[in-house]
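Participant: Predicted model and sequence below, questions to follow.
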Amino acid sequence: MADWATYCGARLQSGEEIGTKALSLLRLCLSSVGATPADASKVSRAPEEPEGDLLD
């Protein structure tokens, strides 16, 4: 899945045109790994750990 997303992304960045099926698949791949703006709102950052944590 990551290979396909990388392949399509590289083709788009190089200026090459790709079909709507490929764009739909790219969107699906990115969405499944949480790489869309809508998915980003569902992710939060981990709380910062205090310095001097004895387990580190």
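Facilitator: Now that the structure is in, tell me what you want to look at. Residues are numbered from 1 along each chain as shown.
Participant: mind checking how far the most centrally placed residue in the chain is from residue 5?
Facilitator: The centroid of the chain falls nearest to residue 35 when counting by Cα atoms, centre = their mean (3.0 Å). Separation of residue 35 from residue 5 (Cβ to Cβ, to the nearest Å) stands at 8 Å. C-beta coordinates here come from the backbone N, C-alpha and C atoms, glycine included.
Participant: now residue 41
Facilitator: 20 Å.
Participant: Between these two, which is the more surrounded one?
Facilitator: residue 5 (18 against 8; other Cβ atoms under 10 Å).
Participant: The more buried one and residue 50, how far apart?
Facilitator: 37 Å.
Participant: Likewise for residue 38?
Facilitator: For residue 38 relative to residue 50 (Cβ to Cβ), the value is 33 Å.
Participant: same check, this time on residue 2
Facilitator: Distance from residue 2 to residue 50, by Cβ to Cβ: 35 Å.
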